[in-house]
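# A predicted structure for the sequence below; I have some questions about it.
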There are 2 protein chains.
Amino acid sequence: MHATGTTPPAGELGLLEGLATTRAIRRYTDRPVTDDELATIMWAATRAPSGSNRQPFRFLVLRDGDRARRARALIARAAEQMWGAKREADGYRSGSGTDPASPKARMARTMQHYTDHVAEAPVIVLACLVRHRPPTPLEGASVYPACQNLLLAARAIGLGGVLTQLHTFVEDDLRHVLDIPPSVGIHATITVGQPVGGHGPVRRRPLPELVFEDGWGASPAWAIDPPGTRFTQAGPPPG
Amino acid sequence: MHATGTTPPAGELGLLEGLATTRAIRRYTDRPVTDDELATIMWAATRAPSGSNRQPFRFLVLRDGDRARRARALIARAAEQMWGAKREADGYRSGSGTDPASPKARMARTMQHYTDHVAEAPVIVLACLVRHRPPTPLEGASVYPACQNLLLAARAIGLGGVLTQLHTFVEDDLRHVLDIPPSVGIHATITVGQPVGGHGPVRRRPLPELVFEDGWGASPAWAIDPPGTRFTQAGPPPG
């Protein structure tokens, strides 16, 4: 399933189309992710660039191993904490959240389902960074491109996933269970599996709000969304 | 040139193949990048995920505008500082660097060329992040996936680029020239253009060094590089 040839297999998803239609996937079927699929995804992830090509990214895969089971229990606890806090902070149970048909209520159901089932995700990947200098806000340049490659590769072979920061709620315990050294940063908790439902065009803010030319806030005339683009507001659904 | 349809155009690069063959491109022809190409690249970039879909990423494009020219001069100065420091720190003029045929000497020539010509790159993009909380090492999760999409989309349409952190050397001056607010982080300086030479399979460390399962340092049996994978050591070429 590896992509090393020069001609894409017939029917393979195109690169631009893949970029435009890779959704955050939070519901998975029970089908396990195979070794071959994991090898394909991880190999693609590690093709990403990093500063001076140091390749400081490390991917720690959790499936059904002994330590994986303990880590999964920690991540489930983290998800409960995360969603409990977010539900209140972002007012998911007030305003339009009280209408079951609203986008806000729909997102709340998705997040509740994710929280209840994250421990059973077919694969959980901790994306880590071996630091060669003190932490900075820019160090993610050497790990998040690889995370994006991981999610795009999953999309390419019919899987899907979502990048979270769930580890931050249980980081000390996770490090202990998995022997992650103090010099290593944990930068993402990514769940992967076969999607229930599918991928498709993502929703974003209109392009002129996101792209400027020649100075901050100056939207260029060429920043035009193509026909059929679907829009959304930024951030959690408004109350 | 936008990718909104459901069927990739005949001959379009496949998604997996694109992930495996997007190189850092540091030499560009004189051909300008068109408005349509920029729209395609930026639209693809902004399809990337971000925390709570807040879409805090902003892309500030520099071409031939008045302020762009001033910013380009600053970035050229930054490149001189960066390469001057790196050349000494990483010993590019000692050890194997003294052999013009060595990988080290070849990389040194590429970096010198990039330094000398970065101000003339067809497009320079500053990838920025509108912060909603204090800076953290994890905040890049909401901007670097979009940077990777940008580079992959460039690849898809026959262009290429490289992600740098050149802005860090001249950040105050850049903010002044381009009116970038203090609350906004500048996370990458990306140059884009038509490659001199081409893309192709990238070189990385062997997969078992980068992927673990069930615990830190434990390479799983399935972490196998596909036949034909090209390897390299991590980081700057050794002396």
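Great, that's in hand.
# now the lengthiest helix in chain A: how far from the chain's centre is it?
Using DSSP state H to define each element, chain A has its longest helix at helix A:66-89. The gap between the average C-alpha position of helix A:66-89 and the chain average comes to 16 Å, counting by CA atoms, centre = their mean, to the nearest Å.
# who are the packing partners of that helix?
Helix A:66-89 is packed against strand A:57-62, helix A:103-117, strand A:123-130, helix A:171-178, with contacts defined by 3 or more CB pairs under 8 Å, 6 or more residues apart in numbering or on different chains; DSSP states H and E. The way it works is simple: take the backbone N, C-alpha and C, and place the C-beta from them, glycine included.
# what's next to it, contact-wise?
When contacts are defined by CB atoms under 8 Å, 6 or more residues apart in numbering or on different chains, helix A:66-89 is touched by residues A:62, A:92-93, A:108, A:111-112, A:114-115, A:118-120, A:124, A:164, A:166-170, A:173-174, A:177-178, A:189, A:236, B:52, B:213-215.
# same thing but at 7 Å, please
Residues outside helix A:66-89 that contact it (CB atoms under 7 Å, 6 or more residues apart in numbering or on different chains) are A:62, A:93, A:108, A:111-112, A:114-115, A:118-119, A:124, A:166-167, A:169-170, A:173-174, A:177-178, A:189, B:214-215.
# can you list the buried residues in it?
Of the residues in helix A:66-89, those buried by neighbour count under the rule 16 or more other CB atoms under 10 Å in any protein chain shown are A:67-68, A:70-72, A:74-79, A:82-83, A:86-87.
# likewise stretch A:24-33?
Within stretch A:24-33, the residues that count as buried by 16+ other CB under 10 Å are A:Ala24, A:Ile25, A:Arg26, A:Arg27, A:Tyr28, A:Val33.
# for the fifth one, give me phi and psi.
Backbone dihedrals for A:Tyr28, given as degrees, to the nearest 10, come out at phi -130, psi 150.
# partner residues bridging it?
A:Tyr28 has these beta-bridge partners by DSSP bridges: A:Pro195.
# and the nearest residue to A:Pro181 once chain neighbours are set aside, how many neighbours?
With CB to CB, 6 or more residues apart in numbering or on different chains as the measure, B:Trp216 is the residue that lies nearest to A:Pro181, at 6.7 Å, once sequence neighbours are left out. Neighbours of B:Trp216 under the rule other CB atoms under 10 Å in any protein chain shown: 16.
# how far away is the most centrally placed residue in chain A from A:Asn149?
Ranked by distance to the mean C-alpha position of chain A (CA atoms, centre = their mean), the top residue is A:Leu163 at 2.0 Å. Summarising the geometry, the distance separating A:Leu163 from A:Asn149, computed by CB to CB, to the nearest Å, is 12 Å.
# what is in contact with those two at once?
Taking CB under 7 Å, 6+ apart as the contact definition, A:Leu163 and A:Asn149 share no neighbouring residue.
# go ahead and confirm A:Lys104 touches A:Arg93.
No - applying CB atoms under 7 Å, one finds A:Lys104 not in contact with A:Arg93, separated by 9.3 Å.
# quick one: which of these two has more around it?
For A:Lys104 versus A:Arg93, the count of surrounding residues by other CB under 10 Å is larger for A:Lys104: 22 against 12.
# let's see the pLDDT reported for the more buried one.
The pLDDT attached to A:Lys104 in the predicted structure is 87.
# how close does it sit to A:Tyr92?
For A:Lys104, the distance to A:Tyr92 under the criterion CB to CB works out to 6 Å.
# next one: A:Thr136
Counting by CB to CB, the separation of A:Thr136 from A:Tyr92 is 33 Å.
# picking up where we left off before, lowest average pLDDT across the helices and strands packed on helix A:66-89?
helix A:103-117 (a mean of 93).
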